[in-house]
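Pasting the sequence and the predicted coordinates here, then a few questions.
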Amino acid sequence: MTRATGEIMLDVHNVSLRFGGVKAVTDISFDIRKGEIRAIIGPNGAGKTSMLNVINGVYHPQQGTITFKGRVRKAMQPHQAAKSGIARTFQNVALFKGMSTLDNIMSGRFLKMHRNFFWQLIHLGPARQEEIAHRRKVEEIIDFLEIQHVRKVPVGKLPYGLQKRVELGRALAMEPELLLLDEPMAGMNLEEKEDMSRFILDVNHEFGTTIALIEHDMGVVMDLSDRVVVLDYGRKIADGTPDEVKSNQNVIDAYLGVAHQEKSR
Amino acid sequence: MSLLYDILVAPFVQMADAPDFLAQVLWEGFVSGILYALIALGFVLIFKASGVFNFAQGIMVVFAALTLVGLYQKGVPALLALVLTIAVMGLLALAVERFIMRPLVNQPHVILLMATIGLTYFLVGLGELVFGGEPKQMITTELGLPTGSTEIPFGERGVVILQHIDIAAAVIAILMVAGLGLFFNRTRIGRALRAVADDHQAALSVGISLNQIWAIVWFAAGIVALATGIMWGARSDVSFALEIIALRALPVLILGGFTSVPGAIVGGLIVGIGEKLGEIYWGPLLGGGIESWLAYMIALVFLLFRPQGLFGERIIERV
Amino acid sequence: MSELDQATENTFPKLILHNALTRGRRPAMRHKDFGIWQSWNWAEAADFIKALAAGLAGLGARRDDKIAIIGSNRPYLYWSIAAAQSLGAVPVPIYSDSVAEEMAFVLEHAEVRFAIVEDQEQVDKILSVEARLPALAAVLYEEKRGLRDYDHKRLHALGHIVEAGRTALQDKAAKAALDRAIAQGTGQDIAVILYTSGTTGRPKGVMLTYDNLIASARIGIAFDGLSETDEIIAYLPMAWVGDHVFSYAQAILAGYCVSCPEKAETIIHDRREIGPTYVFAPPRVFENLLTLTMVRMEDAGRLKRWIFAHFLKVARRWGERILSGEKVPLTARLHYALGDVLVYAPLRNRYGLSNIKVGYTAGEAIGAEIFSYYRSIGVNLKQLYGQTEASVYITLQPDGEIKPDTVGRPAPSVDIRLAPSGEVEFNGPGVFQGYFKDPEKTAEVKTRDGYVRTGDVGFFDASGHLKIIDRAKDVGRLSQGGLFPPKYIENKLKFYPNIKEAVAFGDARDHVACFINIDQVAVGNWAERNNVAHASYQELAADPRVYDMIAKHVEEVNQALAAEPQMAGAQIARFLILPKELDADDGELTRTQKVRRSFITERYASLVKALYDGSEKGTIRTEVTFEDGRKGLLEGEVVIRDVAVTPVPRLEAAA
Amino acid sequence: MLYREAGQFKSTYAADQAIFPLRQDRIGLFAILGLAFIAVPLLADDFILDAIAIPFLILALATIGLNILTGYAGQLSLGTGGFMGAGAYACYKLTTSFPEANIILLILLSGVFSAAIGIVFGLPSLRIKGLYLAVTTLAAQFFLEWCFIRIGWLYNYNVSGAIDSPERNTIGGLVLTGPNASSVTRYIVVLAIVALITLLAKNLVRGRIGRSWMMIRDMDIAAELMGVRPLIAKLSAFAVSSYICGVAGAMFVFFYLGSVEPAAFSITLSFQILFMVIVGGLGSLIGCYFGAAFIWILPIFLRNGLPMIGIDIGAENVVHLTSMIVGVLIILFLIWEPHGLARLWQIGKEKLRVWPFPYA
């Protein structure tokens, strides 16, 4: 596959992030190419989630630049990131608990809807047509993710695996160019993981969405991703294709240590 | 221009002109600040241990004072009435624990807040039903609290008048804060209470059930309320009008943070003194009565710059 | 509306065009898709069909080509049948849940040149056996998902072909060619080849002509007064003759609307939304619905359970008689009316059967109690007896003559006779032409005078209703000479919600014994309420308390059998509960979920032996297929239980 | 049981997204509207209209206002009384400044002023969350209350310090406000306005804007990452909420009380409305009506009902007892169903839908 050689979509350059005295991420650089699936891996506390938060504007790094689609930016608000085409999911499902599956995914269409307050008030004509047009889009996502049977169920009542799927749906509804997935398979059983892997691949294939994902399950990462960047204690220790990374001594050391710790837990 | 002068210059000229009056205002601000701090302390105790924003704290103040005076009026000797009132506050604490806290544990903040507003309604009705709604005199002397006042010469010609009851209030408030401090730091239960604020599991490992802890903090808050009630009652009358004082104490919490005892004290003093100064020196410009909201405005402006309060910790949002 | 000319409108494509003209704006099909019921009227349907036909012609489809149709019930697949027929090609619907091997046999045997399929799953199955299908020219798929990177030399998106067809039709010559092809069709042409799943051996391709199907469809339409205002929901396999007649032939003839559910999981919900007026389902569906009802009611509050039980009693007493229009006392009528408000109508609503005009159950015998239950709560459920070889109808139950234990009178214009062996034989307009490429088998089944052997044993009762006992080859004799109809016994057992499946043995034996499969949902629920701890199906099945419960059911069945003179000897003496569920994936059930008796007998030979040698336990050792496709080994001991047999009352001399 | 849904299928999104997709609900709605618009005016006496129906409707509207802010957008507010007062005083000033203008128009316009004030006091919500915010909304409450007392211009320097509703007629000489307006007329006007605003509010909460409020409420960070700007979402909620509260406040004076002193818009009113929201159910419009009915009608019932069942303890004590009982009932209610009457309604409806089964 040649996807990893596409043009650079996102370039992270020498980024450092501190909270008070705690260094979360130190001097990290890597890029994400258009159309690829890029994995960010590393042991717990390696700064993976912080990295995602920097990319979509939740955290503002003290140092370094981020170039997205050719535009350099330093500090940006999350909603601006959303507008520029970045969507994401969360490690611990962050759905809107008071809403149904349908409404949750519909909320992903927020930026695509434009009818003003007064049309919304009377909910006729353009406002209703807009709502219907977007409902159709949302239904296509529901169909894609095979969650028709829970369409109108409040998300709080869904099993965990389905919630993760709905969250993916909500991100897809934004029609993002870059999709950030924070441990999309955390807490899933084997079957759910397989389903989720298939969905991620399908998203990448069918919509051509560029994906950056954080994942713990090494097997999944190696199967899914085109390129992998490895973090440890906030620093980058390796970057390359899954095979390259697998044989990298730094990675082996970092992961063996973790494997031991996890086993002893 | 003259408006700016009135706001920015004139009050300070006024202060400099009559330093004794300024000192008097500061003293009175200090005393009411202390009482605010006491009310805030009641809030903080309960919030820290159970996450309940106890809206009924204000009414507990009134209710305690009313019970004390009411019992006395029914012929109970003053000190016995005091003991009985403490017992009533204990019963109240037990009842609150059993009928509000226990069934509503784990409900969202707003539900618990509503429950305490319901409790407010209940206590208002109960107090008035049993003791009547008309304002009453606090039994200051009967409790052995000092009355009268001392005039202290100030500056060249001026004097500052210190009401003895105010001095007593200050002393008692300080003693109470110190006592609570000892209780929290030196006793097993106190340490458990502090643990519970951080981690419910940890508290359980100390061997005290959450239910007991709640009963204890509510009781402690009741005692604080009683002390506050006696002081306020001695300065004005005992009536449900006092309830408004409790609402006035809320900005103290915003300033100090919901969980900080020192914050409650410092916040109380800031609000008490600031309010008095504002009322005396700037109030007339606006037609008076500004103390009903001035403290809130101060707190609000303050919050905009420090959302976590004076002593709260900075919140880092994890995603 | 112009009258239908029966002589010229003799194929489905012609009839559809007729519908497009006469009722073009009425809904023809609906499909719950993207959250709402997408609807198409007859004009749109005809338009699609013509475009697809032209598209297929463009791909080289010709007269007499076989075109496989594989997928869930979807409008475009029904239209694909019509498109194939428009060209004079023969559609071959195939069960979409069959595994690649099964599918390969049919595709190969039918010499399929084109396949129109639903999605990647079906495409993969076909491609995996591509080598064996030299005739295959192209595969058309509807859902493009996952197929992007496939080699598209012989693979086409259905939408593209339809578009291509539409473009082609702008050319007058192409349009005329298509019109000619449609006009060329006659009633004697083969309309469809339906492969019967068959309880034994390889599937056989039943060839049915337009005349067969149209005549048969007319029988049903006239019998129940179906019209274009009826509603039906299509969810049974398209390869099954029942679906083909009800959702295709009759729908086109009567002009009613067929609705396809969103997913298999949502069928109950979708049925409720549509509220069909005309329903067709195998007994299993009704059984499951009743089981679900009983299970749920167990969880209901005391008052609700009492109301439910009370009014069910009322319904049992009066319901069927009221439904059949008999005279009942006014008080009973009022009592029933109250029950209708409180229980029956809400139940019908939950089942989605509120608007039902008539419902049919067929395929196999339905438990009398289940049958009566639905009738008693006001669902006009009837039985019919039919076969693929008959284009469905052999017998039907006329209104007012509904009996739970017979399948009714011979359908209009169908003649029935009983062979000396007791086997039922029929003749009529729906009789099939023969098995595709299998004259031998055809000869076995079709007599020289045109009658078809059904393979079922039955008899006419005093009122002229046919009563089917069992498959001819299955009805055995006990060693003392008594009749042993296994299915008859099994159905009695399966009435109990706790019993999901039963397999009875007794041919040439001195008594009847059986395997029982408990219903995991019903028994699991019971176990939860009674604190019977269990970690698995296997443990639950072995629990002595479960055995006690099942034993009680078996004793009750024995009492019922004892009451029938011919069956008294077939009471169950011993039984065991199988530690695994019978499963189509293990070959124990057919794809239509019928028991494969001989296979089971062979597979569990040791257990059968234990049933008859008096031992208290049998051993089992067998391979099982898990849900994810992995195989595993199941072994252990299975307890065998003896059951009390009800003494047979002295028979009257007349019996 | 009552809900027989079979056969009710939707073939368009418009039908699927209707406010009342079920036929039975639509019938019920028309029945209630018929009852409210026709039967009540014909049958009810002035006491029922004046003491129960009119204030109930107005308070229900205020409850909708607060519920939009608190229930939908998740911003707890204790300043409802102040915002209602803002609407009332705005309306008073408008109608005394433009005596010829249509009073209904002025009432609807007065909400704009309270909305503006709401936006100002909503600004802190950008940095302050939860209970802290609740406390800061008290600032609005106390400040506005102070304004009503101290700023003479607001009440036209009336000696009494109160504002009263002048006589105004609009529709063909029909007297709508003032002492000579009939109860039935006022009731119909109030009902029409409340029904209309309820419909508009429903439209808002089911559309893009309403969804942005709920997104902020449920998970603000996620909402931001979907492109919602907290500033706009929160302030729009404050604006809409205060608008509705303002209209309710204006009607409170002009169609219910006739004349009020500033104390009418005190913190007690704020609490009362908050109770209605909680008892009715956060995030439910129908719950607003339930909550308003419960909190408004229960004390009336107790006041009139207690003496009837033989508990005769003097008029004043009845008030105290009522206060106690309301307090206890609220606590019991929170324990029993913290999600409010709307949840009970929803559960009941669901039960009827799946009847006779206990669950679907």
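Received, thanks.

what's near enough to touch the residue in chain D positioned nearest to chain C?
Closest residue of chain D to chain C, Cβ to the nearest Cβ: residue D:7 (2.8 Å). C-beta here means a position set from N, CA and C on the backbone, and glycine is covered the same way. Residues near residue D:7 by Cβ atoms under 8 Å, 6 or more residues apart in numbering or on different chains: C:231, C:273, C:274, C:275, C:354, C:355.

which residues does the first one contact?
This means residue C:231. Counting by Cβ under 8 Å, 6+ apart, residue C:231 makes contact with C:256, C:257, C:259, C:274, C:275, C:276, C:277, C:278, C:355, D:7.

Just send those back as CSV, with pLDDT too.
Listed next are the contacts of residue C:231 as CSV, based on pLDDT from 0 to 100:
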residue, pLDDT
C:256, 96
C:257, 97
C:259, 97
C:274, 95
C:275, 95
C:276, 96
C:277, 96
C:278, 95
C:355, 94
D:7, 89
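
ok, the residue of chain D closest to chain C to chain A distance?
Distance of residue D:7 to chain A, computed by Cβ to the nearest Cβ, to the nearest Å: 19 Å.

So which of the contacts of residue C:231 are in helices?
Using DSSP state H, residue C:274 are the members of the contacts of residue C:231 that sit in helices.

Just the buried ones among the contacts of residue C:231, please.
Listed as buried from these are C:256, C:257, C:259, C:274, C:275, C:276, C:277, C:278, C:355, D:7; burial here means 16 or more other Cβ atoms under 10 Å in any protein chain shown.

From those, which land in strands?
C:257, C:259, C:278 (DSSP state E).

Contact partners for the last one?
With contacts defined as Cβ under 8 Å, 6+ apart, the neighbours of residue C:278 are C:224, C:226, C:230, C:231, C:232, C:246, C:256, C:356, C:357, C:358, C:359.

Go again with 6 Å.
For residue C:278, the contact set (Cβ atoms under 6 Å, 6 or more residues apart in numbering or on different chains) comprises C:230, C:232, C:357.

next one: residue A:82
D:225, D:226, D:227.

Could you point out which of these is nearest to chain A?
For the contacts of residue A:82, the nearest to chain A is residue D:227 (3.6 Å; Cβ to the nearest Cβ).

Wondering if the helix or strand encompassing residue C:288 reaches chain D at all.
Using DSSP states H and E, residue C:288 sits within helix C:283-298. Yes. Helix C:283-298 reaches chain D (Cβ under 6 Å from any Cβ of the partner chain) through residue C:296.

Tabulate the CA atom coordinates of that helix in CSV.
Taking Å, rounded to 0.1, in the frame of the first residue of the first chain, the C-alpha atoms of helix C:283-298 are listed here in CSV:
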residue,chain,number,x,y,z
PRO,C,283,-45.2,-22.2,13.6
ARG,C,284,-41.8,-21.5,15.1
VAL,C,285,-42.5,-17.7,14.8
PHE,C,286,-45.8,-18.1,16.7
GLU,C,287,-44.2,-20.4,19.2
ASN,C,288,-41.4,-17.9,19.9
LEU,C,289,-43.8,-15.0,20.3
LEU,C,290,-45.8,-17.0,22.8
THR,C,291,-42.7,-18.1,24.7
LEU,C,292,-41.6,-14.5,24.8
THR,C,293,-45.0,-13.5,26.1
MET,C,294,-45.0,-16.1,28.8
VAL,C,295,-41.5,-15.3,29.9
ARG,C,296,-42.3,-11.6,30.1
MET,C,297,-45.5,-12.1,32.0
GLU,C,298,-43.6,-14.1,34.6
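
Report the rounded mean pLDDT for that helix.
For helix C:283-298, mean pLDDT rounds to 90.

cool, stretch C:230-240 as well?
94.

Look at it and report the distance between its end residues.
21 Å (Cα to Cα, to the nearest Å).

List the buried residues for stretch C:304-317?
Neighbour counts over stretch C:304-317 (16+ other Cβ under 10 Å) mark C:304, C:307, C:308, C:311, C:312, C:314, C:315 as buried.

Please confirm that the fourth one is located within a helix.
Yes. Under DSSP: H, G, I helix; E, B strand; the rest coil, residue C:311 sits within a helix.

who touches it in this structure?
For residue C:311, the contacting residues are C:339, C:343, by Cβ under 6 Å, 6+ apart.

Quick one: classify residue A:211 as helix, strand or coil.
strand.

now the buried residues of stretch C:304-317 as a markdown table including pLDDT and secondary structure?
Shown next, in a markdown table, are the buried residues of stretch C:304-317 (pLDDT from 0 to 100; DSSP: H, G, I helix; E, B strand; the rest coil):
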| residue | pLDDT | secondary structure |
| --- | --- | --- |
| C:304 | 93 | helix |
| C:307 | 95 | helix |
| C:308 | 95 | helix |
| C:311 | 96 | helix |
| C:312 | 93 | helix |
| C:314 | 94 | helix |
| C:315 | 94 | helix |
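
what about residue B:18, distance to chain D?
26 Å.

Need the nearest residue in space to that residue, chain neighbours excluded.
residue B:158 (6.8 Å; Cβ to Cβ, 6 or more residues apart in numbering or on different chains).

The one you found against residue B:20, yeah?
Yes. Under the criterion of Cβ atoms under 6 Å, residue B:158 makes contact with residue B:20 at 2.4 Å.

Start from the N-terminal end of chain B and give the strands.
Counting by DSSP E, chain B has strands at residues B:149-154, B:158-163.

In strands, which of the contacts of residue C:278 fall?
Of these, the ones assigned to strands by DSSP E are residue C:232.

quick one: which of the contacts of residue C:278 is nearest chain A?
residue C:232 (21.4 Å).

how close does the residue in the stretch 501-650 of chain C positioned nearest to chain D sit to chain B?
Across the stretch 501-650 of chain C, the shortest distance to chain D (Cβ to the nearest Cβ) belongs to residue C:525, at 12.2 Å. From residue C:525 over to chain B the distance is 30 Å, taken as Cβ to the nearest Cβ.
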